[in-house]
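Peer 1: Just to be clear, the model below is a prediction. Sequence and coordinates:
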Amino acid sequence: MTLNELKDKKIAVVGFGVNNRKLVDFLGKHGIAYEIIDGWHSPDELIGRLDEFEVIFRTPGLPYLSKAVQHAKAKGSLILSQTKLFFSLCTASIIGVTGTKGKGTTISLLADMLKLAGNRVFLGGNIGRDPFEFIDILTPDSWVILELSSFQLQDLESSPHIAVVLNITSDHLNHHRSVEEYLGAKLPIVTYQRPEDYAVLDHRLPDNFKHSGNGRKIFFDPQKVGNWERKLIGQHNLENISAAFEAAKLIGVSEETAKLAVKDFEPLPHRLRVLGTFEGIRYIDDAFSTNVDPTMAAIDAMTSPTVLIVGGYDKGLDFKTLGKKIVASPNIKALVIIGRVTEKILQAVDGFKGEKITGGADLEEVISQARSLVSQGDTILFSPGTSSFDMFKNEVDRGEQFLKLVNELK
């Protein structure tokens, strides 16, 4: 899709929150008229409202397979997204990174490696800038690194030059109808690759990722970077480092340069970040843990007796595996369980020998509950393992609240 092809079309931009704001600025700058449709609470409210438009830019919050989008498509509307248009217009080489968790750390590490090696790099996604902020200044020798979610990938009809696919587990099942649909939504990141493209993959991925597309497949190995000096803790971060390094090598980054980037890299906010030790208690902020896998990884990274603050909004996750991890962990000494999933987690940790506290009204009370369970040398780990919409606006809000309350303990 070119800009000329968009001119004189009746265009709807659906959703005007964090997403699409830079897109409409870009469209306006290039003389392309559009109508914003916002204020809907459920995709079903849009059924029939979009049919009159020739082109529809959907926000990631409006699933491609929703009845409203499919109804408009059946009526002849062209369904686009900010991501699809960016891929069509981008003059630089694109590296796309997806996976259930670890995307932010991986793209940030990769950007640091490339910059340290002298490359011109633009970082886009939840970490970094909106891609339409920099699309007009890209050149063929630039590198664009994009964090890509299942919502952005699901209807993508092109793949990045280098695709990085981290481990994929059940998440967003409140938006996707099944695990199979969720996995399928991620697949376009490799489907359209050509022989000159590359896919850096986790070896645990389903076979369709390993065989889809014509790109050359490379599997990252955390053991290769296990002895690198780093501030990042946990086995899962070795996977992120290894994935970033394999991608960076394809662009000519040396191991020496990559090691230096990793050594200097600070953990991202709210991602298993050690906030400090106050009154003999270490506090770790893992507030961006929105499913059970990063929380299980965080548990594995603990090396001292730990009180785990866990729980939140019920988005249909299965906590049985997390429960087994908690019960078997030699380091989890007590639990503070919060949110609507409290009963589910209590059932999942049946057999846990440590203390359990529930019912905290707010995060200040929750931290106080956790502090009542610790001794000198212990750790308080805030790793909710699910989303946050019941007690907090989102995971950013819950992370900022935790950071503020811990800082007040100094």
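Peer 2: That came in fine, so what should we check first?
Peer 1: Now do the SS call for Ile23.
Peer 2: Rather than Ile, residue 23 is Leu. Following DSSP: H, G, I helix; E, B strand; the rest coil, Leu23 is assigned to helix.
Peer 1: who touches the residue nearest to it when sequence neighbours are not counted in this structure?
Peer 2: Nearest non-adjacent residue to Leu23, counting by CB to CB, 6 or more residues apart in numbering: Gln82, 4.6 Å away. For glycine as for every other residue, the C-beta is placed from the backbone atoms N, C-alpha and C. If you count contacts by CB atoms under 8 Å, 6 or more residues apart in numbering, Gln82 has them with 19-20, 22-23, 57, 131-132.
Peer 1: Scan these and report the most crowded one.
Peer 2: Among these, Phe57 has the most neighbours (other CB atoms under 10 Å), with 27 neighbours.
Peer 1: so what's it bridging to?
Peer 2: Val13, Leu80 (DSSP bridges).
Peer 1: wait, what's in contact with it?
Peer 2: Phe57 touches 11-14, 20, 23, 34, 80-82, 85, counting by CB under 8 Å, 6+ apart.
Peer 1: Please list the outside residues in contact with stretch 272-289.
Peer 2: Outside stretch 272-289, the residues within contact range by CB under 8 Å, 6+ apart are 101, 104, 232-234, 237, 267-271, 294-295, 297-298, 301, 304, 371, 374, 376-385, 388, 395, 398-399, 402-403, 406-407, 409-410.
Peer 1: Correct me if wrong: Asn119 contacts Ala248.
Peer 2: No - judged on CB atoms under 8 Å, Asn119 makes no contact with Ala248 at a distance of 9.3 Å.
Peer 1: Those two: which is more packed in?
Peer 2: Ala248 (27 against 16).
Peer 1: Before we move on, what's the pLDDT of that one?
Peer 2: With respect to pLDDT, Ala248 scores 99.
Peer 1: Where does it fall, secondary structure wise?
Peer 2: Element membership of Ala248 [criterion: DSSP states H and E] is helix 235-249.
Peer 1: Which strands or helices does that helix pack on?
Peer 2: Here helix 235-249 touches helix 103-116, strand 162-165, strand 198-201, helix 255-264, helix 292-301, going by 3 or more CB pairs under 8 Å, 6 or more residues apart in numbering; DSSP states H and E.
Peer 1: okay, the helix or strand harbouring Ile380 in PDB with CA atoms only?
Peer 2: Using DSSP H and E, Ile380 sits within strand 379-382. What follows is strand 379-382 as a C-alpha-only set of coordinates in PDB (Å, rounded to 0.1, in the frame of the first residue of the first chain):
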ATOM      1  CA  THR A 379      13.700 -10.800  49.700                       C
ATOM      2  CA  ILE A 380      10.300  -9.400  48.800                       C
ATOM      3  CA  LEU A 381       9.500 -10.200  45.200                       C
ATOM      4  CA  PHE A 382       6.600  -8.400  43.500                       C
END
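Peer 1: can you list contacts of that strand?
Peer 2: Under CB under 8 Å, 6+ apart, the answer for strand 379-382 is 281-287, 298-299, 302, 304-309, 367, 370-371, 374, 402.
Peer 1: Show me where the stretch 51-200 of the chain has its helices.
Peer 2: 67-74, 82-89, 103-116, 150-153, 179-186, 188-191 (DSSP state H, counting those that start in this stretch).
Peer 1: Quick one: those as TSV, columns for mean pLDDT too.
Peer 2: As requested, these are exported to TSV (pLDDT from 0 to 100):
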stretch	mean pLDDT
helix 67-74	96
helix 82-89	97
helix 103-116	98
helix 150-153	92
helix 179-186	86
helix 188-191	98
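Peer 1: Okay, domains of this structure per the record?
Peer 2: Using automatic domain parsing, the domain ranges for the chain come out as 3-84, 90-264, 273-407.
Peer 1: Can you check which of the helices and strands packed on helix 235-249 gets nearest to Glu147?
Peer 2: Glu147 sits nearest to helix 103-116 of all these, at 4.7 Å, using CB to CB.
Peer 1: helices or strands up against that closest one?
Peer 2: Using 3+ CB pairs under 8 Å, 6+ apart: helix 103-116 touches strand 93-98, strand 121-124, strand 143-147, helix 235-249, helix 255-264.
Peer 1: export these to CSV and tack on distance to Lys356?
Peer 2: Formatted as CSV, those follow (distance: least, CB to CB, whole Å):
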stretch, distance to Lys356
strand 93-98, 36
strand 121-124, 41
strand 143-147, 36
helix 235-249, 26
helix 255-264, 38
